[in-house]
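Peer 1: need a 3D model of the sequence below.
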Amino acid sequence: MSASAPSRKGGPGITQSDLLVINKTDFAPLVSGDLSVMDRDAYALRNGGPVVFAQATHDAGVDDDYSLRPLSG
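Peer 2: Numbering: from 1, shown residues only. I've put the predicted structure just below:
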């Protein structure tokens, strides 16, 4: 199984969350992960919903401003 396979599972955390954060992207090359495949799959599974690629321990991708609609209910 490739490193990008988890993005293909399509569970509710991926498909229904307000924002999907794919963290530790610096590890992708070490485990034969392909960020472009992860990006494509996440975009398709989320119907274009927001996705952030991050390296949180290095403050990369974590200070972007995202305008999300408030939860209804």
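
Peer 1: low-confidence regions, the chain specifically.
Peer 2: Applying pLDDT under 70 to the chain picks out residues 1-8, 59, 62-73.

Peer 1: remind me, longest helix of it?
Peer 2: When the chain is parsed with DSSP state H, its longest helix is helix 35-45.

Peer 1: ok, then the element right after that one?
Peer 2: The C-terminal neighbour of helix 35-45 among helices and strands, as given by DSSP states H and E, is strand 51-53.

Peer 1: each with direction, which strands does that next one pair with?
Peer 2: Applying DSSP bridges, strand 51-53 is found paired with strand 20-22 (parallel).

Peer 1: can you pull the buried residues of the partner strand?
Peer 2: Going by neighbour count (16 or more other Cβ atoms under 10 Å), the buried part of strand 20-22 is Leu20, Ile22. From N, CA and C alone the C-beta is placed, and that goes for glycine too.

Peer 1: same question for stretch 32-50.
Peer 2: Across stretch 32-50, burial judged by 16+ other Cβ under 10 Å covers Gly33, Val37, Met38, Asp41, Ala42, Leu45, Arg46, Gly49, Pro50.

Peer 1: show the contacting residues for the residue nearest the centre of the chain.
Peer 2: Closest to where the C-alpha atoms of the chain average out (Cα atoms, centre = their mean) is Ile22, at 3.5 Å. Contact partners of Ile22, counting by Cβ atoms under 8 Å, 6 or more residues apart in numbering, are Ser7, Met38, Ala42, Val51, Val52, Phe53, Ala54.

Peer 1: including distance to Pro29, could those go into TSV?
Peer 2: TSV is the format used below for those (distance: Cβ to Cβ, whole Å):
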residue	distance to Pro29
Ser7	16
Met38	12
Ala42	18
Val51	19
Val52	19
Phe53	13
Ala54	16
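
Peer 1: among those, which pair sits farthest apart?
Peer 2: Within the contacts of Ile22, two members stand farthest from each other by Cβ to Cβ: Ser7 and Ala54, at 14.4 Å.

Peer 1: who's more crowded, the two?
Peer 2: Remark: of Ser7 and Ala54, Ser7 carries more neighbours, 22 against 18, as counted by other Cβ atoms under 10 Å.

Peer 1: which ones are touching the residue nearest to Lys24 when sequence neighbours are not counted?
Peer 2: Spatially, and ignoring its direct neighbours in sequence, Lys24 is nearest to Gln55 (6.6 Å; Cβ to Cβ, 6 or more residues apart in numbering). Counting by Cβ under 8 Å, 6+ apart, Gln55 touches Asn23, Lys24, Thr25, Asp26, Gly61.
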